[in-house]
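S.K.: Okay, structure incoming, though there's no sequence with it:
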């Protein structure tokens, strides 16, 4: 149930039956059907009717996309400035921003890096191309690529018209978004209240679907399933989706929903009041997520860190729990508390960076 | 026969002009083996795709040369429709 890449999300993608044009050629100006990010945030039932064209499962489609991409490269000789686009000057700042992916998804024959995600948009990097995807929010609305940017000799080039993008407060505080705004690569579009509610409803709906899945086959789980419709979503809370990790500080809260067979790790540094939360899916490769997560903390404070493991199902999540315990121990760290495994429980947690408190969201 | 050679061979058996055959095969052999294999099968099954790709590169060059965003967008949209069509075919199969 989140917007990150992972095999669970791939499963849900298939369920969602979304269009996928991940390998659509670079530089389109008009929106084309984007690759559907392996993204359970859109796992609402209403979307199941949408046609699935996931290039990861469509060999022919993928090959054709690749061919189109090569044809585009061939048609765009080096140093040719395409159309009336915006071109930023190459800089260390840009290189630095483009190297900081939230996570990387390995499709086997290629990798995609997600530089930024929000309920409204995501920024994907694949090879030398950056795709800015406006996410489908309302029922039946599909994700679509609104801009393709080329990384060309260290510069960023966007073809054609600059498109307005919905930016919530967190987006506007993101360094990459700030840079793109500053350089005129993107412009801000006001988010309507309707869209805002819909976007967060999608997240909540996906979490509800997860909780419902958790309940399948176990009557006890039904009681544990979170009635997310009763939860008032605080838009200022940082949402961590499946396969993601996020960190924040200074009193901000970090939340993840629907920890069914997934396991969350929270890390809190009481000295700097910095917290991080990662949502691991046992069915997906987590790559270096824990390493990336822990690298955000000052080693001098390692002995002060509060590390907690939460989530997972017995008989399903032991491996990921074991893996995380190993990751933690191998760095000389100790787990402060664990609430892992159990019988089909779906947990939702909030980490408060003001004090390190970990709160469970319970059904009313 | 090596798959890259098979791809070239398939393209050269098409009705394209010789320079178009040369260009298309030069570009498409840069793909990975998996994609090349798939394209060889596709070209044998549906030779019209060879012409489609050849026209695609020509249209892209023209759009870049004319700096015409509309022309470019038309190409991209056509590609999207192609992919949709292929995907639907695969689902039907």
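M.R.: Now that the structure is in, tell me what you want to look at. Bear in mind that the values here come from a model prediction, so they are computed numbers and not experimental data. Numbering: from 1, shown residues only, chains lettered A, B, ... in the order given.
S.K.: Going by C-alpha atoms from here, please, whenever you check contacts or count neighbours.
M.R.: OK.
S.K.: per-residue confidence for the residue nearest the centre of chain B?
M.R.: Ranked by distance to the mean C-alpha position of chain B (CA atoms, centre = their mean), the top residue is residue B:53 at 2.8 Å. Note for residue B:53: predicted pLDDT of 94.
S.K.: what's it in contact with, if anything?
M.R.: A:68, A:71, B:24 (CA atoms under 8 Å, 6 or more residues apart in numbering or on different chains).
S.K.: ok, now how distant is it from residue A:289?
M.R.: 40 Å (CA to CA, to the nearest Å).
S.K.: Could you do residue A:273 as well?
M.R.: Counting by CA to CA - residue A:273 and residue A:289 are separated by 21 Å.
S.K.: One more: residue B:21?
M.R.: For residue B:21, the distance to residue A:289 (CA to CA) stands at 46 Å.
S.K.: Same check on residue A:63?
M.R.: Counting by CA to CA, the gap from residue A:63 to residue A:289 is 30 Å.
S.K.: Give me the buried positions along the strand or helix carrying residue B:79.
M.R.: Using DSSP states H and E, the element containing residue B:79 is helix B:69-92. Of the residues in helix B:69-92, B:69, B:71-77, B:79-80, B:82-84, B:86-87 count as buried by neighbour count, 16 or more other CA atoms under 10 Å in any protein chain shown.
S.K.: Closest to residue A:183 out of those?
M.R.: The shortest approach to residue A:183 among these belongs to residue B:69, at 20.8 Å (CA to CA).
S.K.: Could you pull out the helices in the stretch 151-300 of chain A for me?
M.R.: With helices called from DSSP state H, counting those that start in this stretch, the stretch 151-300 of chain A shows them at A:169-173, A:175-182, A:193-215, A:219-224, A:289-294.
S.K.: Least reliable of these by average pLDDT, please.
M.R.: helix A:219-224 (a mean of 30).
S.K.: neighbours of the residue lying closest to residue A:297 once chain neighbours are set aside, just the number please.
M.R.: Beyond its immediate neighbours in the sequence, the residue positioned closest to residue A:297 (CA to CA, 6 or more residues apart in numbering or on different chains) is residue A:269, lying 7.5 Å away. By other CA atoms under 10 Å in any protein chain shown, the residues close to residue A:269 number 22.
S.K.: Repeat that for the one 4 residues further on.
M.R.: Using other CA under 10 Å, residue A:273 is surrounded by 17 other residues.
S.K.: try residue A:169
M.R.: By other CA under 10 Å, neighbour count at residue A:169 equals 10.
S.K.: same thing with residue B:9?
M.R.: Neighbours around residue B:9, by other CA under 10 Å: 15.
S.K.: Can you say which helix or strand has it in it?
M.R.: helix B:3-12.
S.K.: Run through who's touching that helix.
M.R.: Taking CA under 8 Å, 6+ apart as the rule, helix B:3-12 contacts B:18, B:21-22, B:24-25, B:29, B:33, B:36-37, B:39-40, B:43-44, B:50.
S.K.: Pick out the most distant pair among those.
M.R.: Counting by CA to CA, the most remote pair of these is B:18 and B:33, 24.2 Å apart.
S.K.: Show me what the worst-scoring helix or strand of chain B on mean pLDDT is packed against.
M.R.: One helix or strand of chain B scores below all others by mean pLDDT, DSSP states H and E: helix B:69-92, with a mean of 72. Here helix B:69-92 is seen to pack against helix A:59-75, helix B:48-66 when contacts are counted using 3 or more CA pairs under 8 Å, 6 or more residues apart in numbering or on different chains; DSSP states H and E.
S.K.: what's the most buried one of these?
M.R.: helix A:59-75 (a mean of 22; mean count of other CA atoms under 10 Å in any protein chain shown).
S.K.: For chain B, tell me whether that one is touching it.
M.R.: Yes: against chain B, helix A:59-75 shows contacts by CA under 8 Å from any CA of the partner chain at A:59-68, A:70-72, A:74-75.
S.K.: Go through the residues you listed and name the one nearest residue A:359.
M.R.: Closest to residue A:359, out of all of the residues of helix A:59-75 next to chain B and judged by CA to CA, is residue A:62, at 43.6 Å.
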